[in-house]
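[1] Sequence first, then the predicted structure:
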Amino acid sequence: MTFRDTREATHDGGDAARRHPFIDHLCWLLDRILLGRGARRALESPVPARASLFVLPSWGWAHPLIDVGRKNRDRQGGRLLLPVRYTFYPTNVIVTSRPQVVHYVGVGLGHGMAGSMLLDPGAEPGQGPTDGRLSLPGTWGPVSRAGSVASHLNELDRDGQLAYWEALGVLEENLDHALKHATCAMRNGVVGQPTAALDDITLERIRTEMVYGTDGPSSPIQRLVERCTRPGTFARVDPEKYVISSVRTDARAAVRKALGDPHVGSKVRRLATEMPEADLEDLVAAYRQRYPADRLSTTRAEAALSVAPDANAVTVPLHEALTTPAS
């Protein structure tokens, strides 16, 4: 059984129960993305007739050596395994017709290691590290040989692209919650009344643009996926915390932008509640004294103080209008 098959089997049960569920699923997707991109690079060169294909693991799973709060505990008090990222040199997907040595480092959550492996075309298919152990074998065998290498590379490439869209879908679910939380926070902090800051249609548009982008540069969620594929991203933080924090930050920024609220708006309004009698000029002067690095202008201060809910957010939904009895 290949390393790839082993990962998919463990993902559905068995040892995967000892892993953090959300992080396990996310890293499974990231692994497929990384392998797909490695396969695409390999396909840029002609595949030798007698070549072998080596596919190397992206993650090992171990107990963290740094404080991650309750992240490594299940509901029964047992310890959960968290991921440690492997980076291989020269790459994670290698096509070669002769033995080759690869070097690697493993970094994450307090763990640090380095080593080398011999890629041996005559060995049995390589197996990933046992859960709870980060050591890799000294010899690693291929997942396919000769005529099947090119088709296997194309399969990995296609699967990596599919995993990319699946990852966007997973993060979209988190973004949906984050946007609702952000608009509720703006409602409570700005509107001061029981009404939404943004209507559902606006939130849907924001979510779509944040996940899939527009005609311009990549979207915030697409950029988040790219950061998650980088070797050092999870060196000092677990993937779930990193992803959720990033999504919440982007969601707050998007809601503020939709309402015309500058990024310092909350600080301006907080100071204004401390100085209820101050006019705009006095408020700006006091703000500049307290937060000189922000360089607050009168225009931005006025924008922060005049933030209001979107006009569509305060209208009565159609289904309520149709079911409300006439007076």
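    Everything's here; your move. Residues are numbered from 1 along each chain as shown.
[2] Now do the strands in this structure.
    Using DSSP state E, the strands of the chain run over 52-55, 59-62, 82-89, 93-96, 100-108, 111-119, 139-140, 144-145.
[3] Please convert these to a markdown table, extending it with distance to residue 183, mean neighbour count and mean pLDDT.
    Just so you know, the C-beta spots here come from the backbone N, C-alpha and C atoms, and that holds for glycine as well. Output for the strands of the chain, formatted as a markdown table (distance: least, CB to CB, whole Å; neighbours: other CB atoms under 10 Å; pLDDT from 0 to 100):
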| stretch | distance to residue 183 | mean neighbour count | mean pLDDT |
| --- | --- | --- | --- |
| strand 52-55 | 44 | 25 | 98 |
| strand 59-62 | 35 | 24 | 95 |
| strand 82-89 | 32 | 22 | 96 |
| strand 93-96 | 43 | 21 | 97 |
| strand 100-108 | 34 | 17 | 96 |
| strand 111-119 | 39 | 15 | 95 |
| strand 139-140 | 50 | 19 | 96 |
| strand 144-145 | 50 | 18 | 94 |
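[4] any weak-confidence spans in this structure?
    Scanning the chain for pLDDT under 70 picks out the ranges 1-17, 188-196, 308-327.
[5] Give me the domain ranges for it.
    Domain assignment for the chain by automatic domain parsing gives 3-159, 163-312.
[6] Quick one: closest of the strands of the chain to residue 224.
    Nearest of these to residue 224, taken as CB to CB: strand 82-89 at 16.2 Å.
[7] name the helices or strands packed onto the closest one?
    If you count contacts as 3 or more CB pairs under 8 Å, 6 or more residues apart in numbering; DSSP states H and E, strand 82-89 packs onto helix 21-42, strand 59-62, strand 100-108.
[8] name the helices or strands packed onto the first one?
    Using 3+ CB pairs under 8 Å, 6+ apart as the contact test, the elements touching helix 21-42 are helix 3-11, strand 52-55, strand 82-89, strand 93-96, helix 149-186, helix 220-228, helix 239-259.
[9] Pick the most deeply packed of the ones you listed.
    The highest mean neighbour count among those, using mean count of other CB atoms under 10 Å, belongs to strand 52-55: a mean of 25.
[10] picking up where we left off before, so which of the helices and strands packed on strand 82-89 gets nearest residue 252?
    It is, among those and with distance given as CB to CB, helix 21-42, at 21.4 Å.
[11] follow-up on the earlier one: as CSV, the helices and strands packed on helix 21-42 with distance to residue 108 would be great.
    Below are the helices and strands packed on helix 21-42 laid out as CSV (distance: least, CB to CB, whole Å):
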stretch, distance to residue 108
helix 3-11, 17
strand 52-55, 20
strand 82-89, 4
strand 93-96, 21
helix 149-186, 19
helix 220-228, 12
helix 239-259, 9
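[12] Which one, of these, ends up nearest to residue 106?
    Ranking those by proximity to residue 106 (CB to CB) places strand 82-89 first, at 5.0 Å.
[13] Please name the residues that touch the most centrally placed residue in the chain.
    Residue closest to the mean C-alpha point of the chain, counted by CA atoms, centre = their mean, is residue 243 at 4.2 Å. By CB atoms under 8 Å, 6 or more residues apart in numbering, residue 243 lies in contact with 26, 171, 174, 224, 228.
[14] And for residue 56?
    Per CB under 8 Å, 6+ apart, neighbours of residue 56: 3, 86, 88, 92-94, 102, 104, 126, 140.
[15] So residue 138 versus residue 273, what's the distance?
    Shown here: residue 138 relative to residue 273, a distance of 65 Å by CB to CB, to the nearest Å.
[16] The two: which is more packed in?
    residue 138 (10 against 7; other CB atoms under 10 Å).
[17] Test my guess that the more buried one contacts residue 118.
    Yes - with contact defined as CB atoms under 8 Å, residue 138 counts as touching residue 118 (6.4 Å).
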